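Chemist: Below are the sequence and a predicted model; questions follow.
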Amino acid sequence: MIFFRKACFLAGFLTTIATLNGCAYLLPQSTAIKKNLLYSPKDKIELTEVPFFPQDKYQCGPAALAMSLNAAGVRVTPEVLVDQVYIPKKKGSLQVEMLATARRHGLIAYELASQLTDVLLEIAAGSPVIVLENYSFGLGPVWHYSVAIGYDLNEGRIIRRSGNNVFESMPFAAFEYLWKSDGYWAMVALPLNKIPASATEDRYLKAILALENISQYKNAQIAYKTLLTKWPDSLSGHLGLGNTAYKLKDLDGAELAFSNATKIHPESVAALNNLAHVLAEKGKLFEAAMIAEKAVKIGGPLAKISQTTLEEIREKLNNPKKDIF
């Protein structure tokens, strides 16, 4: 986490790295930003409604996360988050804890691709972005979380809430120099019904799976429905929707989701197998057997699983009183 000494060096530091503006090989993203953001909806924006919490020594993580969570509709103070993200031995907060805590508060925690353009796109869509910076000055890493809340493309500057500063503007090049040390790490915390502006299907799926991994099946289900509004043919989206319904003991919802998956992806053994399993649990054994046979016929990496499902269904057909599933 950042030390208070950062403030003593910052002015001279920015003066020094300002000379890097023209060095494309050192700061490639800042150099190419104009070219890459031709499709940006706005040249200048500042999310003034994002709340500000001053960052106490070593605890920029809780403060930055509180700003982001409040902007997403979760009312929480940095003090409440300290025990959830702050690690005393490390005198700071790890990225994994920042992501996990956002999920625990019922939000999608989405880790951005390592692109400055994606940070700006999120801001343009109204989402503040938590970024991890390094003020090492060659003396070992001095990590710091700030919250990017605006930019000006014409002036080539980014606006952040940082430390004790509610408004801190710096050139893209200066920001990139601070930001690049840990692989351009950034995240947004969003409501379950909102997809990040820069999201790809794979990265958004990863964010939903993280909810499933902590047994937040209802929240994951909502997020899968959100995903399908943008990627309606997503096999993983339909499977995820079915799997979460099944975890929530909603067999009708699971059947519908898996059935939709098989209609869009008729060769998906996973969708066929899961549909057969759910149909069997609902007592639709003859229909289940037909679906399972299709899965077995297709084969592939899941052949053994689908064969087992078919055998269990046939056993249930032969022994109706036996509890197979």
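Modeler: Great, that's in hand.

Chemist: who does the longest helix that the chain contains touch, helix- and strand-wise?
Modeler: When the chain is parsed with DSSP state H, its longest helix is helix 303-318. Applying 3 or more Cβ pairs under 8 Å, 6 or more residues apart in numbering; DSSP states H and E, we find helix 303-318 packed against helix 269-281, helix 285-298. Using the backbone N, CA and C atoms, a C-beta is placed for each residue, glycine as well.

Chemist: Mean neighbour count, the ones you listed: which tops it?
Modeler: Stretch with highest mean neighbour count among the helices and strands packed on helix 303-318: helix 269-281 (a mean of 24; mean count of other Cβ atoms under 10 Å).

Chemist: Show the average pLDDT along that helix.
Modeler: For helix 269-281, mean pLDDT is 97.

Chemist: How about stretch 107-126?
Modeler: On average, the pLDDT along stretch 107-126 is 95.

Chemist: Go through it and flag the buried ones.
Modeler: Within stretch 107-126, the residues scored as buried using 16 or more other Cβ atoms under 10 Å are 107-112, 116-125.

Chemist: now stretch 170-182, how far from the centre of its chain.
Modeler: Taking Cα atoms, centre = their mean, to the nearest Å, one finds the center of stretch 170-182 at 22 Å from the center of the full chain.

Chemist: Quick check: buried residues in it?
Modeler: 170-181.

Chemist: name the element residue 159 belongs to?
Modeler: Using DSSP states H and E, residue 159 maps to strand 157-162.

Chemist: What helices and strands are in contact with that strand?
Modeler: Using 3+ Cβ pairs under 8 Å, 6+ apart, the elements in contact with strand 157-162 are strand 143-152, strand 165-171, helix 172-179.

Chemist: Residue 76: what secondary structure?
Modeler: Recorded secondary structure, residue 76: coil (DSSP: H, G, I helix; E, B strand; the rest coil).

Chemist: Can you tell me which of the buried residues of stretch 107-126 is closest to residue 164?
Modeler: Nearest to residue 164 among those, counting by Cβ to Cβ, is residue 123 at 21.5 Å.

Chemist: Endpoints of stretch 52-68, how far apart?
Modeler: End-to-end span of stretch 52-68 (Cα to Cα, to the nearest Å): 10 Å.

Chemist: which residues sit against stretch 210-220?
Modeler: Stretch 210-220 is contacted from outside by 99-100, 103-104, 106, 108-109, 192, 208-209, 223, 240, 243-244, 247-248, using Cβ atoms under 8 Å, 6 or more residues apart in numbering.

Chemist: Which of those fall within helices?
Modeler: Those of the contacts of stretch 210-220 lying in helices (DSSP H): 99-100, 103-104, 208-209, 223, 240, 243-244, 247.

Chemist: which one of the residues you listed is nearest residue 286?
Modeler: residue 243 (24.3 Å).

Chemist: Is the residue positioned nearest the centre of the chain bridged to anything, and to what?
Modeler: Nearest to the mean C-alpha position of the chain, by Cα atoms, centre = their mean, lies residue 110 at 1.6 Å. Beta-bridge pairing for residue 110 (DSSP bridges): residue 188.

Chemist: Could you list the buried residues of stretch 233-240?
Modeler: Across stretch 233-240, burial judged by 16+ other Cβ under 10 Å covers 234, 236-240.

Chemist: what does stretch 194-210 give?
Modeler: Of all the residues in stretch 194-210, those buried under the rule 16+ other Cβ under 10 Å are 194-199, 204-205, 207-208, 210.

Chemist: Same check on stretch 94-105?
Modeler: Using 16+ other Cβ under 10 Å as the test for burial, stretch 94-105 gives 95, 97-103, 105.

Chemist: now do stretch 51-63
Modeler: Of all the residues in stretch 51-63, those buried under the rule 16+ other Cβ under 10 Å are 51-53, 55-56, 58-63.

Chemist: on that earlier part again, listing partners with orientation, what would you give for the strand holding residue 159?
Modeler: strand 143-152 (antiparallel), strand 165-171 (antiparallel).

Chemist: Any stretches of this structure with poor pLDDT?
Modeler: 1-28, 30-32, 34-41, 56-58, 86-92, 137-139, 321-325 (pLDDT under 70).

Chemist: Domain map for it?
Modeler: 6-190, 217-318 (automatic domain parsing).

Chemist: measure the last one end to end?
Modeler: Terminal residues of domain 217-318 lie 35 Å apart, using Cα to Cα.

Chemist: what's the neighbour count on residue 318?
Modeler: Neighbourhood size, residue 318 [other Cβ atoms under 10 Å]: 8.
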